[in-house]
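Enquirer: My questions concern the predicted model and sequence given below.
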Amino acid sequence: MLIGFLSSIEVNLKDIIRLGGIKKNYFTGYGLVVGLRGTGDRRSLYTSESLKNVLKNYGLKGTSLNRNLSPRNVASVIISAETTGYLNSGDIVDITVASIGDARSIDNGFLIPSSLRAANGTTYIVGSGIITTERNHLTRGVVVSGGIVERNFSDIALNDYSFPLDLRINSYYSGNVIDIKEKLLNDFPELIRVDILGEKRIAVNLVNQNQENPEKIISDILNTDIEIDTRNKVVIDTETGIIVSGENIAIDSSYISLPLDRSGFIEDDLGEIDNEIKSSFQTLGDLFDYLNRNGIAFKDRIPAILYALRKSGVLNAEIILQ
């Protein structure tokens, strides 16, 4: 029987840690979403005025501009992004988009290039791209990797040239703190000293001769690749039946019997109904391939199978419902 839910993956250090004591930074802006199929703003004067200003910037003027505009294909939105710590010019971030007019949906619309500013009024990010919304929130969505950082940004304040790094994902174990320490000392042997402060925190101390350019060292540290142990997870969307997991999550040899009805039966080569899965699967991907090939793809069956496998101890993963 398999013990534990752990597997090893290689990640970028900045994806699993945060700089201790560093607050979140928010960037906001105003933008227009175009390309909507009649689901945009209907009675929004500022949407029409904003669209006119955009077109005027491209040299389009005159009375015909008022007659030919179709604001129902356009929506005014507030855009935002959040980050922590240090941003390099050229970094990519996600952009959140929310309608501020009476648009019915901004799904699959295109956010025209728009500036996002920090609290001091300085533009740091430009966002653009196709918007993806959730099923029940069609007026709010995200442009994945839609923001490009235009200039370096930092709110890092070093205390005696030392800064803490906190593991920010609860499923990572204390052994990873030791792994991170060894990795950093190996990659930056003469630049830093590393102390373990707790189960999920280490302190990185810059040695004296490297205090002139601390932000460069911090950036290099955050971009270090490291192999860590992590929990296997299977995420199930109970509304849509969508299941997301790693393909190679291991499962022990198992036997499954299904109470199938005529709408979802498995037929053998003789055309007889077979409600028993006798095959042996080594990974969750193998099991999904088998179930889908045999027509067992409905959302109320596969989650039940996964729960049964998990309860019997042969599925090497944690199941999460959302």
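Expert: That came through, no problem.
Enquirer: ranges for the helices of the protein?
Expert: Along the chain, the segments classed as helices by DSSP state H run 45-57, 64-68, 174-187, 214-222, 284-293, 302-312.
Enquirer: Please name whichever of those is nearest to residue 13.
Expert: Residue 13 lies closest to helix 214-222 among the helices of the chain, at 5.7 Å (C-beta to C-beta). Heads up, the C-betas are built off the backbone N, CA and C, glycines and all.
Enquirer: ok, the residue nearest to residue 181 when sequence neighbours are not counted to residue 75 distance?
Expert: Excluding the flanking residues, the one nearest residue 181 by C-beta to C-beta, 6 or more residues apart in numbering is residue 194, at 4.6 Å. According to C-beta to C-beta, to the nearest Å, residue 194 and residue 75 sit 49 Å apart.
Enquirer: ditto for residue 222
Expert: Taking C-beta to C-beta, one finds residue 222 at 36 Å from residue 75.
Enquirer: So for the two, which sits in the more crowded spot?
Expert: residue 75 (31 against 18; other C-beta atoms under 10 Å).
Enquirer: partner residues bridging that one?
Expert: residue 33 (DSSP bridges).
Enquirer: Same check on residue 28?
Expert: Beta-bridge partners for residue 28, by DSSP bridges, are residue 80, residue 117.
Enquirer: Can you read off the pLDDT for residue 12?
Expert: Confidence at residue 12, expressed as pLDDT, is 79.
Enquirer: go on, residue 190?
Expert: Residue 190 is assigned 82 on the pLDDT scale.
Enquirer: Surely it touches residue 217?
Expert: No - with contact defined as C-beta atoms under 8 Å, residue 190 does not reach residue 217; the gap is 11.2 Å.
Enquirer: The two: which is more packed in?
Expert: Neighbours per residue (other C-beta under 10 Å) separate residue 190 from residue 217, with residue 217 holding more: 20 against 7.
Enquirer: The more buried one and residue 192 touch, don't they?
Expert: Yes - Residue 217 is within contact range of residue 192, at 7.1 Å (criterion: C-beta under 8 Å).
Enquirer: Skip the chain neighbours and tell me the closest residue to residue 48.
Expert: Nearest to residue 48 is residue 71, by C-beta to C-beta, 6+ apart, at 5.1 Å.
Enquirer: Surely that neighbour and residue 42 touch.
Expert: Yes - Residue 71 sits in contact with residue 42 when judged by C-beta under 8 Å, with a separation of 7.2 Å.
Enquirer: Give me the more crowded residue out of those two.
Expert: Here residue 71 and residue 42 are compared on neighbour count by other C-beta under 10 Å; more neighbours surround residue 71, at 21 against 14.
Enquirer: Read off the pLDDT value for that one.
Expert: Residue 71 is given a pLDDT of 73.
Enquirer: which residues touch it?
Expert: The contact partners of residue 71, by C-beta atoms under 8 Å, 6 or more residues apart in numbering, come to 40-42, 44, 47-48, 51.
Enquirer: Apply 6 Å and report the result again.
Expert: 41, 47-48 (C-beta atoms under 6 Å, 6 or more residues apart in numbering).
Enquirer: can you tell me how far residue 166 sits from residue 250?
Expert: Distance, residue 166 to residue 250, using C-beta to C-beta: 30 Å.
Enquirer: just to revisit the earlier point, so which of the contacts of residue 71 is the most crowded?
Expert: Neighbour counts for the contacts of residue 71 peak at residue 41, which has 28 neighbours (criterion: other C-beta under 10 Å).
Enquirer: before we move on, the earlier item: ok now do the residue nearest to residue 181, which residues does it touch?
Expert: The contact partners of residue 194, by C-beta under 6 Å, 6+ apart, come to 181, 184-185, 202, 204.
Enquirer: Relative to residue 27, how far out is residue 102?
Expert: Distance from residue 102 to residue 27, by C-beta to C-beta: 26 Å.
Enquirer: of the two, who's got more company?
Expert: Shown here are residue 102 and residue 27; by other C-beta under 10 Å, residue 27 has more neighbours (25 against 14).
Enquirer: quick one: residue 233 and residue 318 touch, right?
Expert: Yes - counting by C-beta atoms under 6 Å, residue 318 is a contact partner of residue 233 at 5.1 Å.
Enquirer: Does residue 204 touch residue 191 like I think?
Expert: No - taking C-beta under 6 Å as the definition, residue 204 is not a contact partner of residue 191, at 9.5 Å.
Enquirer: tell me, how many neighbours does residue 78 end up with?
Expert: Neighbours of residue 78 (other C-beta under 10 Å): 15.
Enquirer: Is it in contact with residue 96, as I believe?
Expert: No - contact criterion C-beta under 6 Å: residue 78 and residue 96 do not qualify, at 8.7 Å.
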